[in-house]
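K.L.:
Return a 3D structure for these sequence lines:
(one chain, ligands or ions: 1)
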Amino acid sequence: MPNYYFLKITDVDLIEELFVYFLIVASIIFLLVVFFTFFFLFRYGVKKRPKKPSQIESAGQAESVLAIIVTIVIGVFVYLTIVTMEKVQTIPENPKPFLEITGHQWWWEAKYPNSGVVTSNQIYIPTGKKILLKLNSADVIHSWWVPELGRKMDMMPGRDNYMWFYADKEGEYLGTCSEFCGVQHARMRIRVTALNPEAFEVWEQQQLRPVATTNTKDFLKGKQLFETKTCTNCHAINGTDFKENIGPNLTHFASRKRFLADMKVNNEKNLRAWLTNPQDVKSGAKMPNFILSESEVDALVAYLNYLK
Ligand SMILES: [Cu+2]
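P.N.:
Have a look, this model is predicted:
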């Protein structure tokens with residue numbers, strides 16, 4: 001069985017190689033066109049030949065030669081494109097994705113089927129591993145694109161698409177939704193954090209920890225509000241009865257550096273603004289304004305900050 005998880009060359013490398021061939025040949029053609037344009041301009045321009053040149057209807061041989069050259073060039077590129085497409089789309093029969101991403105208006109849900117981790121917006125992957133991604137959508141068509149890590153692929157409601165994803169270096173990689181998906185499409189940004197495999201494991205274990213709990217007053221007040229203000233109709237907290245995924249899973253919300261699909265840094269000020277009126281922060285977002293009092297916002301912010 002081929003080892004799908006450790007390939008030396010990534011999809012992006014192969015596509016880049018093809019792109020370079022296209023670029024070289026297209027540049028040569030471009031330079032030839034420019035050269036001949038000026039060549040004929042100076043050689044046969046009005047000043048050199050004031051009389052109108054005789055008109056020829058066809059230049060039989062020259063045209064045939066050109067047609068043959070063009071057919072060959074196009075043929076070669078069709079061939080190279082098909083070969084590259086086959087090389088990059090090597091999805092196994094029963095794909096076992098490492099990571100499943102679901103596009104929602106206007107955020108990303110990320111599930112790791114092997115470990116059961118569910119997160120959103122700030123997505124982690126291990127380096128040095130060819131990752132099989134499963135892509136789909138909960139509502140309209142979105143498109144997943146993190147140029148440095150893989151190619152672009154549409155996310156269709158009711159359909160699973162697969163592609164390979166690969167990071168060789170640790171770091172943060174940015175991308176964006178690439179299919180217009182509604183008013184906040186432009187703020188549907190992607191941030192993928194690649195960690196070395198050990199650090200990734202640590203992160204996964206941390207995400208698998210049960211939801212934080214304590215007996216402090218602010219925690220209990222916030223938790224109670226979270227459950228009574230209908231937050232749980234849309235947001236899941238692992239290990240509870242609340243499993244909806246209309247909004248991001250918030251079990252480990254405080255461990256995320258950014259939120260709202262990479263729109264905001266996850267700090268108290270931004271969180272407070274979001275809870276005070278989501279529509280002021282990201283207008284059109286599928287979270288209503290709850291018209292919370294200041295003390296209710298305080299309590300919810302305190303509660304969410306416990307969810308490390
Ligand atoms: Cu989108």
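K.L.:
who's in contact with the nearest residue to residue 255 once chain neighbours are set aside?
P.N.:
Nearest residue to residue 255, sequence neighbours excluded (Cβ to Cβ, 6 or more residues apart in numbering): residue 308, at 5.3 Å. The way it works is simple: take the backbone N, C-alpha and C, and place the C-beta from them, glycine included. Going by Cβ atoms under 8 Å, 6 or more residues apart in numbering, residue 308 touches 206, 212, 252, 254-255.
K.L.:
Between the residues you listed, which has the least confident prediction?
P.N.:
pLDDT across the contacts of residue 308 is lowest for residue 212, at 85.
K.L.:
For it, what are phi and psi?
P.N.:
Note on residue 212: backbone dihedrals following degrees, to the nearest 10 are phi -60, psi 140.
K.L.:
Isn't it up against residue 305?
P.N.:
No - Residue 212 is beyond contact range of residue 305, at 9.5 Å (criterion: Cβ atoms under 8 Å).
K.L.:
Among these two, which residue is more densely surrounded?
P.N.:
More crowded of residue 212 and residue 305, by other Cβ atoms under 10 Å: residue 305, with 18 against 15.
K.L.:
Could you list which residues are in contact with that one?
P.N.:
Residues near residue 305 by Cβ under 8 Å, 6+ apart: 254, 268.
K.L.:
State the phi and psi torsions of it.
P.N.:
When quoted as degrees, to the nearest 10, the phi and psi of residue 305 stand at phi -70, psi -20.
K.L.:
residue of the stretch 1-150 of the chain with the smallest distance to the ion?
P.N.:
Nearest residue of the stretch 1-150 of the chain to the ion (Cβ to the ion) works out as residue 142 at 3.4 Å.
K.L.:
For that residue, list each beta-bridge partner.
P.N.:
Residues in a beta bridge with residue 142, per DSSP bridges, are residue 155.
K.L.:
Can you verify my assumption that it contacts residue 180?
P.N.:
No - in this structure, residue 142 is not within contact of residue 180 by Cβ under 8 Å, at 9.4 Å.
K.L.:
Strands of the stretch 101-250 of the chain, start to end?
P.N.:
Using DSSP state E, counting those that start in this stretch, the strands of the stretch 101-250 of the chain run over residues 107-112, 117-120, 122-126, 131-137, 142-144, 153-155, 161-165, 171-176, 189-195.
K.L.:
Need the winner for burial among these.
P.N.:
Highest mean neighbour count of those: strand 142-144, a mean of 26 (counted as mean count of other Cβ atoms under 10 Å).
K.L.:
That one - what's its average pLDDT?
P.N.:
Averaged across strand 142-144, the pLDDT comes to 97.
K.L.:
what's that strand packed up against?
P.N.:
With contacts taken as 3 or more Cβ pairs under 8 Å, 6 or more residues apart in numbering; DSSP states H and E, strand 142-144 sits against strand 99-104, strand 153-155.
K.L.:
The longest one vs strand 122-126, what angle?
P.N.:
In other words, strand 99-104. 160 degrees (axes from the mean of the first three to the mean of the last three Cα atoms, to 10 degrees).
K.L.:
partners of strand 99-104, with directions?
P.N.:
Counting by DSSP bridges, strand 99-104 is paired with strand 107-112 (antiparallel), strand 131-137 (parallel).
K.L.:
Strand 161-165 and the last one, what's the angle between them?
P.N.:
For the pair strand 131-137 and strand 161-165, the angle between their directions (the same axes, to 10 degrees) equals 140 degrees.
K.L.:
do strand 131-137 and the ion meet?
P.N.:
No - using Cβ under 5 Å from the ion, strand 131-137 stays clear of the ion, with a minimum separation of 8.1 Å.
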